[in-house]
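**Student:** Here you go, sequence then predicted model.
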Amino acid sequence: MRIYGDSRSGNCLKVQWTADFLGLPSEWIEVDIMSGGSRTPEFLAMNPAGQVPTVVLTDGRPLAQSNAIILHLAEGSALIPEDAYDRAKMLEWMFWEQYSHEPAVAVARFRVAYLGETHEGLDPKLKERTWAALQRLEDGLAHGRPFLVGDTVSLADVALVAYTRLSHEGGFERTGYPRVQAWIGRVEQALGIG
Ligand SMILES: N[C@@H](CCC(=O)N[C@@H](CS)C(=O)NCC(=O)O)C(=O)O
């Protein structure tokens, strides 16, 4: 499998972490998204949306969208709960990540760390949504279990840790979110990252 990614992108790292956790051989191909590397005709032939991560599976078929990719890679593995309700809870977190968390936490970090904007200058609504996403995670971890969907690491943790662990790069320190901070450490240890 080839993984086309930007090594500073949480969406891309999710894919590498999942492949490594599952022992799936992969080749990383660095794409410079800031200079149009995901908009070349060759890249658009694999993913017309022009975004990383994009993978080319061992049989040559391309696949995009980080959470779709990790779901495909982890099919039948311990990263996806067997129980139907727990599996749906995992998806609940993953859909929320893409709709509410990533567009705030990752976008704020992108503006500060990639574009050189200041935290203070960020749109107040974006800041509000980012703090709210961290709070939502803090509340979600109040169940007292080590991971988002129970006692073992799942794709919900993979998807959500990717940008949460980088929130400080957008100026969002996690000192007021002790459960989130402890959870990040557990997920990093379970995945062998960090
Ligand atoms: N929902 C997508 C988001 C992908 C995405 O936004 N990728 C960014 C990097 S994190 C990208 O490729 N940006 C370059 C561009 O859009 O031209 C996913 O989870 O894979």
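**Tutor:** Received it, and whenever you're ready, just let me know what you need. Because the structure is predicted, anything quoted here is derived from the model rather than measured.
**Student:** got the buried residues for stretch 24-39?
**Tutor:** 26, 31, 33, 37-38 (16 or more other C-beta atoms under 10 Å). Any C-beta I mention is one placed from the backbone N, CA and C, and that applies to glycine too.
**Student:** immediately after the top helix by length along the chain, which helix or strand?
**Tutor:** Longest helix in the chain, counting residues (DSSP state H): helix 124-140. Scanning forward in sequence from helix 124-140 by DSSP states H and E, the next helix or strand is helix 155-164.
**Student:** Spit out the contact partners of Trp28.
**Tutor:** 3, 5, 7, 16 (C-beta atoms under 8 Å, 6 or more residues apart in numbering).
**Student:** Where does the third one sit, in terms of helix or strand?
**Tutor:** Ser7 is part of no helix or strand, with elements assigned from DSSP H and E.
**Student:** isn't it right next to Leu13, touching?
**Tutor:** Yes. With contact defined as C-beta atoms under 8 Å, Ser7 counts as touching Leu13 (7.3 Å).
**Student:** which one of these two has more residues nearby?
**Tutor:** Comparing Ser7 with Leu13 by other C-beta atoms under 10 Å, the one with more neighbours is Leu13, at 24 against 11.
**Student:** quick one: the more buried one from Gly116, how far?
**Tutor:** Note on Leu13: its distance to Gly116, by C-beta to C-beta, to the nearest Å, is 22 Å.
**Student:** One more: Asp83?
**Tutor:** Applying C-beta to C-beta to Asp83 and Gly116 gives a distance of 46 Å.
**Student:** between those two, who's got more neighbours?
**Tutor:** Asp83 (11 against 7).
**Student:** Within range of the ligand, give me the residues from the chain.
**Tutor:** Within the chain, the positions adjacent to the ligand are 6, 9, 11, 33, 38, 50-53, 65-67, 98 by C-beta under 6 Å from any ligand atom.
**Student:** so which of these would you say is closest to Asp157?
**Tutor:** Asn67 (12.5 Å; C-beta to C-beta).
**Student:** Sketch out the strands for this structure, chain order is fine.
**Tutor:** Using DSSP state E, the strands found in the chain span residues 2-5, 27-30, 54-56, 62-64.
**Student:** Counting neighbours, which bits of the third one end up buried?
**Tutor:** Burial within strand 54-56, assessed by neighbour count using 16+ other C-beta under 10 Å, is assigned to 54-56.
**Student:** Turn those residues into TSV, columns for distance to Ala74 and pLDDT.
**Tutor:** Listed next are the buried residues of strand 54-56 as TSV, based on distance: C-beta to C-beta, whole Å; pLDDT from 0 to 100:
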residue	distance to Ala74	pLDDT
Thr54	18	98
Val55	13	98
Val56	18	98
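**Student:** Right, I'll leave it there.
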